[in-house]
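Q: no sequence for this one, just the structure:
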């Protein structure tokens, strides 16, 4: 709240969340590689959208001055989010393993029957 534009990050994350939810309705995203691809793509899109909204509102971020800076920020952010997602997916799959089997059966029925 210290001088930044309130709501830009929330708007970017809400838009990405909506797009991922729409993709999950149309496509089966239970495959771990599909999950990681969605996380990486969502993270990169979120960063670009966040910076783009700041630029559109004529409030450029001080740490992003060139396309190389943008590439580094997108790359490192995507890498960090993807590594965190791998750990989180492993932990949550172990905690909710019996629910995962039920969910897979429901997806097979929805898409293949």
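A: The structure has been received and is ready for your questions. Keep in mind it's a predicted model, so treat the numbers as computed, not measured.

Q: CA only for contacts and neighbour counts going forward, please
A: Fine.

Q: For the residue nearest to the spatial centre of the chain, which residues are in contact?
A: Residue closest to the mean C-alpha point of the chain, counted by Cα atoms, centre = their mean, is residue 42 at 3.1 Å. By Cα atoms under 8 Å, 6 or more residues apart in numbering, the contact list for residue 42 reads 16, 20.

Q: Which strand or helix spans the nearest residue in space to residue 63 that is not next to it in sequence?
A: Leaving aside its sequence neighbours, residue 63 sits nearest to residue 69 (Cα to Cα, 6 or more residues apart in numbering; 7.3 Å). Using DSSP states H and E, residue 69 sits in helix 67-95.

Q: Also residue 46?
A: helix 32-56.

Q: between that helix and helix 67-95, how big is the angle?
A: 140 degrees (axes from the mean of the first three to the mean of the last three Cα atoms, to 10 degrees).

Q: Could I get the average pLDDT for helix 32-56?
A: On average, the pLDDT along helix 32-56 is 88.

Q: Any buried residues in it, and which?
A: 35-36, 38-40, 42-54 (16 or more other Cα atoms under 10 Å).

Q: Stretch 75-95 too?
A: 75, 77-79, 81-82, 85.

Q: tell me the phi and psi of the nearest residue to residue 70 once chain neighbours are set aside?
A: Spatially, and ignoring its direct neighbours in sequence, residue 70 is nearest to residue 64 (5.7 Å; Cα to Cα, 6+ apart). Main-chain torsions, residue 64, degrees, to the nearest 10: phi -120, psi 100.

Q: hang on, residue 64 packs against residue 71?
A: No - using Cα atoms under 8 Å, residue 64 is not in contact with residue 71, being 9.2 Å away.
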